[in-house]
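Asker: build me a model from this:
(4 chains, ligands or ions: 4)
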Amino acid sequence: MPAMNIIQAVNDALDLAMAADPNVVVLGEDVGKFGGVFRATVGLQEKYGEDRVIDTPLAEAGIIGTAIGMGLYGLRPVAEIQFSDFIFPAYDQIVNELAKYRYRSGGEYPCPMVIRTPFGGGIRGGHYHSQSPEATFAHHAGLVCVAPSNPYDAKGLLLAALESEDPVMVFEPKRIYRGPAHGTNWNSHPKGNVPEGHYTVPIGKAEIARPLSGKGIPVTLITYGAMVETCREAAQKAAEEGIDVELIDLRSLVPYDLPAIVESVTRTGRAVVANEAPQTCGFAGEIVALIMEHCFDWLEAPPLRVTGYDTPFPYTLEYAYLPDTGRLLTALRKVARYA
Amino acid sequence: MPAMNIIQAVNDALDLAMAADPNVVVLGEDVGKFGGVFRATVGLQEKYGEDRVIDTPLAEAGIIGTAIGMGLYGLRPVAEIQFSDFIFPAYDQIVNELAKYRYRSGGEYPCPMVIRTPFGGGIRGGHYHSQSPEATFAHHAGLVCVAPSNPYDAKGLLLAALESEDPVMVFEPKRIYRGPAHGTNWNSHPKGNVPEGHYTVPIGKAEIARPLSGKGIPVTLITYGAMVETCREAAQKAAEEGIDVELIDLRSLVPYDLPAIVESVTRTGRAVVANEAPQTCGFAGEIVALIMEHCFDWLEAPPLRVTGYDTPFPYTLEYAYLPDTGRLLTALRKVARYA
Amino acid sequence: MSDTRTPSSAGGPPPVVIEPLSVLRADGTVVDPEFVESIPAEDIARLYEAMLAQRVYDDRMIKMQRQGRLGFYLACTGEEACAYGPAYALEDRDWMFPAYREPGVALWRGFPLQTWVDNLVGNCDDPVKGRQMPVHWTARAQNVVSISSPVGTQIPQCAGVAYGMKLRGDGGVSICFFGEGTSSEGDFHVGLNFAGVWKAPAIFFCRNNGYAISTPYEKTTATPHIALRAHGYGIRGQVVDGNDLFAVIKAVREAADWGRLGHGATLIEAKTYRVAAHSTSDDPKAYRSREEEDEWKSKDPLARLRPWLEARKLWDEDAEQAATKVASDAILAALAEAEKKPHPGIDTLFDDVFAERTPLIQAQADALQAHLASGEAAYKPTGSH
Amino acid sequence: MSDTRTPSSAGGPPPVVIEPLSVLRADGTVVDPEFVESIPAEDIARLYEAMLAQRVYDDRMIKMQRQGRLGFYLACTGEEACAYGPAYALEDRDWMFPAYREPGVALWRGFPLQTWVDNLVGNCDDPVKGRQMPVHWTARAQNVVSISSPVGTQIPQCAGVAYGMKLRGDGGVSICFFGEGTSSEGDFHVGLNFAGVWKAPAIFFCRNNGYAISTPYEKTTATPHIALRAHGYGIRGQVVDGNDLFAVIKAVREAADWGRLGHGATLIEAKTYRVAAHSTSDDPKAYRSREEEDEWKSKDPLARLRPWLEARKLWDEDAEQAATKVASDAILAALAEAEKKPHPGIDTLFDDVFAERTPLIQAQADALQAHLASGEAAYKPTGSH
Ligand SMILES: Cc1ncc(C[n+]2csc(CCOP(=O)(O)OP(=O)(O)O)c2C)c(N)n1
Ligand SMILES: Cc1ncc(C[n+]2csc(CCOP(=O)(O)OP(=O)(O)O)c2C)c(N)n1
Ligand SMILES: [Mg+2]
Ligand SMILES: [Mg+2]
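Answerer: Ligands and ions are numbered 1, 2, ... in the order given. This is a model prediction of the structure:
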């Protein structure tokens, strides 16, 4: 199997989908001739033409609004929003229109389409090239939200999204686009091996990214996106301290895989949930509330959150803002040693 | 003290503020000559002129965007968004600009201003005249968010907002604008007595809307906005079953009053949290997560959420969508009888 | 305007014409006999009858709302030509995005009156399953897209449909209706600009009826004509007398031809007047004068057409009386029928959020069923309005 | 255009002029000697020197970014006249909303070079406390508003400031700078429309430099001139040669007079070219031709001005050499100085979210301190870049 990074995996999925279905069109800012600022659409315009790989004017509401029209008409638009920080001019089109079309039309006007957008920090992007707004979309009923953490899932989830009958938002972990950690690449990583051709990763299913070793106090650590690799690192360090981490990669936020969460937490009795976004009303809080409602009797300790701070995302001090292995370890210890 | 409904209380607060400070301007769709579709700004244009009570073009991004400019320049704009369902075209201006101005300018360009918007269901408004989007604003650091549940707090919080150095979003409970329940008015209600002249209700402070009676199993019931009155009704019914409810009206969502929540829940050991919005990533989930993190050892039962369903807001079946006393009772019983 | 068939490339940017296109003047004179002859007079009679029926429906439904039999209603009185004209001018394959003030676009295409009223009541036969407010219906069989409350959102969506038609080369055009107030939203700008760049076969039909709820035109914009904005997008612009049915048909035909020939989009500004209140929640007395209203009533699109029909012996007072009674009986019968029907099944609350219910939604549906079974719900699960 | 002082009310809607305002042509001929004489030649020399310095800064900072000494940089090479011209034309009390490509508007008003570079490095003396990316600075003392990445958001904000100036009658005007790509955002539309209705003293300065990152003008819009959009808002429109410093000054002066006299807003479209790459993250070779770039270099705003100055003995090769060296030394010294300064204190992370820290933010600040004290942080709390 070829080794791919996440960008290549996304590009491969789009290429396969466009070759297989003439209704698939890609649109967004600089996605055509330039191939996208992160190069995810490189080569597609040469291959499929300017009519199917569209360099749009600079207007997110226009990108999503016109994509909705295409979707209603029967095309399969894949809209790219250059950075998820810039998705908000299209927020009304996404949450008031796209999310509600099937419902408000009594099922007469479904609008399957895909929105791809890079999210999260770690590339020294400051306020506006680092945000993680997924919770503000998950809150509005009607949007499937997924967040892959590796090349294999990035391709498989995108192909699944392209086959879904629902609108799907794909939050791509830009920090690890090219490698699981700074200065590394995906070759070495098992999920860097991406099968050629078509396959899908089921929407709504989480994955155990790291099973329990059986040695030490068991703790369930739940996250998604780029935080998966940070959590994996923390889990390795925790092991040295006798904390045995089961790492769950949610992969899908809406719908989320409640059985997987409950199965693990009822086994371990301890949980830490992490996300990069601010704490207040973030997705980690939702998971903690679910654990509360479904695993209370099994809990040995209160589930803890490790999140970004409730401030805008900084530039120089980004390293201090992002949840790091140290903060994760502190939380893991707290729940492991809770008494 | 004069009896006022919430609309009159808001109007009174605006009148006082405009009389006291020439920098206060009111702007929005139909707020001037017409006095607003809910009549909250009636009479202000006659009194303060078209330059200070501005009928704007139909564009929420323009209302908030220009209000931000006014706020930066030193005016005190009070922007009305006709329904919170229509606030999303201004979402980018609010969460990317207004929320971050003070921070991103290193404190050089604070932008104190007020956004008033009616939220919540119960007026047979269907998808687009019923939504409760507060959680999607609370998630973005930099926005003070308050939600009064009665005329006294509506006036006091609005006056406090007008004196705040921060941007404040006031979510007004439109269902109970004119009375605490359908067919009733505010005269009878203690909070319907609104003092004349200036006073403020502190931002960030919750209130015990109903204390424990000492009879029965104690449960803390936490909510805000129009749900306060529904919860009060449920509390009365619960009393007959030997469930003793302490009802907390949060009033402020950002900043929230954690000490008040913790003080109550550590006393009762049981909690139910309610909001009208969908469950996923709603504000109730945040409160449950906080209870978890701060009250775990005192809990006799898992805190439960009672929320709107994870669907768009319906029309004909609105009565079934809105959390009612019956659903609240079911949750109260579950936590009270938990074993 | 002269010949819309010359490719815009030939003569620089597409034409923007602001003196109103007019065919049958308010005083009865025919400006463009050639065009009038090109349309079967019987069709005009049918259109008149349909517009008259619409006016009767609006009149009755407003009364019914006052009597508490409808939760909400919104009329198009005085603006009928802006819905029936375009519906007539276009082909059934063309897609339409109405605002909330153009029921005619679907009714003209055969959307059943009963279905329309079922939506006003929100009963089990409402195509949108009682999920939206009255007047927010959907008519898939007529290629009329779901109506949304948020104004302007449909404009870029219409451009997207038009792009799809162009990509497939299937010869369709897509039209979006909106008011002059709505033209202030950002979505107006992005929708027209995208359509311009793409030369998409879209028609943006702006009903300039003078008001956005209480907000008069001069507080909406400082431009004398919304149609002038076409200059800013490199698309065709055309002002039309919105109370002149013939002129509206002609303007939309020309715009459709322009689009089908590959020249791109047109912005049509129809000058008309919102004779009705904004909706049953509104009272115009608070913000406009009786004189102004009366002046516009004299320009009424139906009153203007009737003498023309009568001169051709296609209409008379008896026909007026009869048609009025037929429409009145039909709408009241439809309402009575609609009121007999139960609410949509409570379980429908959880359908169509996604193609299939998520586990969370199914769990919520089950919880509601249990709640109802417990008998503690503060309401009855079904029952007619 | 003739006389901007006639109230727009007098002659219908305000004028929209699309043949480019030009004063000093590319070939050196002076179109408008009268205007040229009205400006002290020494001022032009100072402006030339400042623009030259800007070019040197840009050149050096791009190199420094390649060497890894800056995280990001973005140059205005070839577009200097669009920042220094307006800054000169306006008064210090006037407010400015730059995009990210006009450092000149603040530097000309005395924003210290060192402070500007401290922002590029994001150190403890960066006025925005290292919170935003390089080139996103703030200059309160110069009435230059905080720069934001999201494009177009500043346009309605500028209209709001102008409204405040009008309400207070303090005679100020407010200018907003943005690119032609940005003019596609909905915020452009709402900002200009509000300013039009309010007759607010705003100037919307669109730098049409041909590209939005890789997107060429023809994919941004089908209108031949962004300035034509002024028709759609009932405001003044003016195309200007953006590489002609004199013309830019004149266009902005006229727009400011127009605003101060109470006639309202002006949309200026400055035709120029983004000679530089979009930013240090971009490579234009992927999407445009060498020929195109060379053609525009021949229209360079500095090269155009220099012969005029030399003819007046206000500039020569020695001056050029000297000024270049001064600028180069200054910027490199400022960078070296900036690099010596530590990061902003880690505790500043939690300031300025609100006027005062909320309990939650304070708790998070305390937790971070504890985390650092524990010595387990995966990074060092301070240290220079
Ligand atoms: C985004 C949004 N903001 C506000 C409203 C509330 N609203 C409903 S209709 C209306 C006025 C629309 O006026 P216009 O576009 O001229 O259409 P008309 O009613 O005159 O046909 C307003 C403000 C809305 N529906 N959507
Ligand atoms: C809302 C938003 N969308 C996308 C971006 C990413 N972006 C940054 S600059 C730019 C192009 C801007 O082009 P233009 O307005 O012509 O200005 P120029 O760079 O040419 O000066 C884009 C797309 C952004 N900053 N903000
Ligand atoms: Mg109107
Ligand atoms: Mg540009």
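
Asker: tally up the residues packed near C:D329, please.
Answerer: Close neighbours of C:D329, defined as other CB atoms under 10 Å in any protein chain shown, add up to 12. Any C-beta I mention is one placed from the backbone N, CA and C, and that applies to glycine too.

Asker: scratch that, C:V30
Answerer: C:V30 is flanked by 15 other residues according to other CB under 10 Å.

Asker: same thing with C:E42?
Answerer: The burial count for C:E42: 10, using other CB under 10 Å.

Asker: which element is C:S146 on?
Answerer: For C:S146, there is no host helix or strand (DSSP states H and E).

Asker: could you pull up the residues touching it?
Answerer: For C:S146, the contacting residues are A:Y101, A:R104, A:S105, A:E108, A:Y109, C:V128, C:H136, C:T138, by CB atoms under 8 Å, 6 or more residues apart in numbering or on different chains.

Asker: quick one: which of these is nearest chain D?
Answerer: Among the contacts of C:S146, A:Y101 lies closest to chain D (CB to the nearest CB), at 20.4 Å.

Asker: which residue is nearest the middle of the chain?
Answerer: Since no chain was named, I'll use chain A. Taking CA atoms, centre = their mean as the criterion, A:A147 is the residue nearest the geometric centre of chain A, at 1.5 Å.

Asker: my bad, chain C
Answerer: Using CA atoms, centre = their mean, the most central residue of chain C is C:E102, at 2.2 Å.

Asker: separation between that residue and chain A?
Answerer: Taking CB to the nearest CB, to the nearest Å as the measure, C:E102 and chain A are separated by 17 Å.

Asker: cool, C:H371 as well?
Answerer: Using CB to the nearest CB, C:H371 is found at 17 Å from chain A.

Asker: the closest residue to ligand 3 within the stretch 151-300 of chain A: neighbour count?
Answerer: Closest to ligand 3 within the stretch 151-300 of chain A is A:P167: 30.9 Å, counting by CB to the ion. A total of 27 residues lie near A:P167 under the criterion other CB under 10 Å.

Asker: same thing with C:T29?
Answerer: 8.

Asker: then A:H182?
Answerer: Residues near A:H182, counting by other CB under 10 Å, number 10.

Asker: look up phi and psi at it.
Answerer: In this entry, A:H182 is assigned phi and psi values of phi -60, psi 130 (degrees, to the nearest 10).

Asker: now the residue nearest to A:S213 when sequence neighbours are not counted: phi and psi?
Answerer: Among residues not flanking A:S213 along the chain, A:D244 sits closest, at 5.5 Å (CB to CB, 6 or more residues apart in numbering or on different chains). For A:D244, the backbone dihedrals are phi -100, psi 100 (criterion: degrees, to the nearest 10).

Asker: how about A:D244, what does it touch?
Answerer: Residues near A:D244 by CB under 8 Å, 6+ apart: A:L212, A:S213, A:G214, A:K215, A:G216, A:I217, A:P218, A:V219, A:A238.

Asker: ditto for C:W116
Answerer: Residues near C:W116 by CB under 8 Å, 6+ apart: C:P103, C:A106, C:L107, C:W137, C:A334.

Asker: just among those, which is most surrounded?
Answerer: For these, the largest neighbour count, defined by other CB under 10 Å, is 28 neighbours, found at C:P103.

Asker: tell me the phi and psi of residue 57?
Answerer: By default, I'm working from chain A. Per-residue torsions, A:P57: phi -60, psi 170 (degrees, to the nearest 10).

Asker: that was the other one, I meant chain C.
Answerer: Torsion angles at C:Y57 (phi, psi; degrees, to the nearest 10) stand at phi -60, psi -50.

Asker: the nearest residue to C:F72 once chain neighbours are set aside in helix, strand or coil?
Answerer: Counting by CB to CB, 6+ apart, C:F72 lies nearest to C:P134, which is 4.8 Å off, once chain neighbours are set aside. Here C:P134 is recorded as coil under DSSP: H, G, I helix; E, B strand; the rest coil.
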